[in-house]
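how would this look folded up:
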Amino acid sequence: MARRAGIAALILALMHVQPAAAEDIRFTTAPLTIHSQDGAEHRFTVELALDEDQRAQGLMFRRQMAQDHGMFFDFGEVRRVMMWMKNTYLPLDMLFIARDGRVETIRNDAKPLSEAIIDSGKPVAYVLELNAGTVARLKLKPGDRVETDLIR
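Numbering: from 1, shown residues only. Down below sits the predicted model:
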């Protein structure tokens, strides 16, 4: 009986294993440029979310981000992408980007802490998150091009 209780306790403990703690997730940075259709270039420094843990963490728990910074998610494949804002305190603009770097879809002003799904609406390879209001301020739109070493 004691052995059964021990096994049950172990199973319960394993069921509650959490992914790596936020402070354990590290991001490298890279330069990124958005080329607007009007010829303007907008330069950013982005953190790279390249693996499953980094993509799961994203910008959660952050309280601020510099105006010329963002986070770039590489999904390693082209697919329909669904994001959310759970545990994310910053309002964000999201650019959903095709494999060739073309902005396909933009979602403005994602509501902080929301569990509502933010859908790319079509298959994409990447997502760029910027501070809310950046898209409007820079007049970004679908068809603009994103350039970074990660876009193949």
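
alpha carbons only for contacts and neighbour counts from here, please
Will do.

Give me the residues contacting stretch 55-63.
With contact meaning CA atoms under 8 Å, 6 or more residues apart in numbering, stretch 55-63 is reached by 22, 25, 49, 71, 73, 85, 86, 87, 88, 89, 90.

Among those, name the least confidently predicted one.
Lowest pLDDT within those is found at residue 22 (52).

re the thing from before, which of the contacts of stretch 55-63 are buried?
Neighbour-count burial (16 or more other CA atoms under 10 Å) is assigned, among the contacts of stretch 55-63, to 49, 71, 73, 85, 86, 87, 88, 89, 90.

wait, isn't the fifth one in contact with residue 114?
This points to residue 86. Yes: between residue 86 and residue 114 a contact is recorded at 5.3 Å, counting by CA atoms under 8 Å.

how about the strands in this structure?
With DSSP state E applied, the chain shows strands at 29-35, 41-49, 69-83, 92-97, 103-110, 118-131, 145-147, listed in chain order.

I'd like these laid out as TSV, including distance to residue 58.
Compiled in TSV, these are given as follows (distance: least, CA to CA, whole Å):
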stretch	distance to residue 58
strand 29-35	13
strand 41-49	7
strand 69-83	7
strand 92-97	12
strand 103-110	14
strand 118-131	9
strand 145-147	19
